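Asker: sequence and predicted structure are below.
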Amino acid sequence: MGGALVVQGGGGERVSTDRSEKRDDQRVPGSFPVRFRVEGRTGSGMALDLSAGGMLLETAMPIDPGQSLTLEVEVPNYPPLELEGLVVEIRPTGVGVRFPTVTRGHRIFLNAYTAVLLAPPWERGE
């Protein structure tokens with residue numbers, strides 16, 4: 001698997017090409033519909049969490065660590081986000097995708113969007 005790191009844990013085996021487990025952005029859990037292209041194939045799935053730095057993608061399509069994806073992520077009440085992703089790990093729960101080249105506008109949007117969703121209900125006006 002050329003440079004892949006295999007990690008054993010309570011949730012089962014996971015394969016990673018990213019040797020750092022550090023995340024700079026908070027991820028918000030959810031179910032965000034995703035359409036993607038990888039090596040000429042198209043697929044779909046759900047982002048089980050989302051941040052400005054990446055997501056956990058649940059999909060039935062086989063994807064390998066190191067593959068690049070072109071993604072279209074649907075977030076409620078906004079136009080779909082078009083992002084480039086890199087598969088950094090395979091977990092029993094899904095595919096870890098990092099966004100290596102996020103535009104400044106997408107980063108600002110995703111950071112603000114996740115901050116609102118992670119805020120306590122009284123701060124969201126609920």
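Answerer: Good, I have the coordinates. Just so you know, these numbers come straight off a predicted model, no measurement behind them. Numbering: from 1, shown residues only.

Asker: least trustworthy helix or strand in this protein by mean pLDDT?
Answerer: Least confident element among the helices and strands of the chain, by mean pLDDT, DSSP states H and E: strand 5-9 (a mean of 33).

Asker: tell me where the model's unsure across the chain.
Answerer: 1-24, 123-124, 126 (pLDDT under 70).

Asker: can you give me the helices in it?
Answerer: Taking DSSP state H as the test, the helices found in the chain are 104-118.

Asker: residue 81 touches residue 108, doesn't it?
Answerer: No: judged on Cβ atoms under 8 Å, residue 81 makes no contact with residue 108 at a distance of 12.0 Å. Heads up, the C-betas are built off the backbone N, CA and C, glycines and all.

Asker: the more surrounded of the two?
Answerer: In this view residue 81 and residue 108 are compared by other Cβ atoms under 10 Å, and residue 81 has more residues nearby, 21 against 12.

Asker: from residue 120, how far out is the more buried one?
Answerer: 25 Å (Cβ to Cβ, to the nearest Å).
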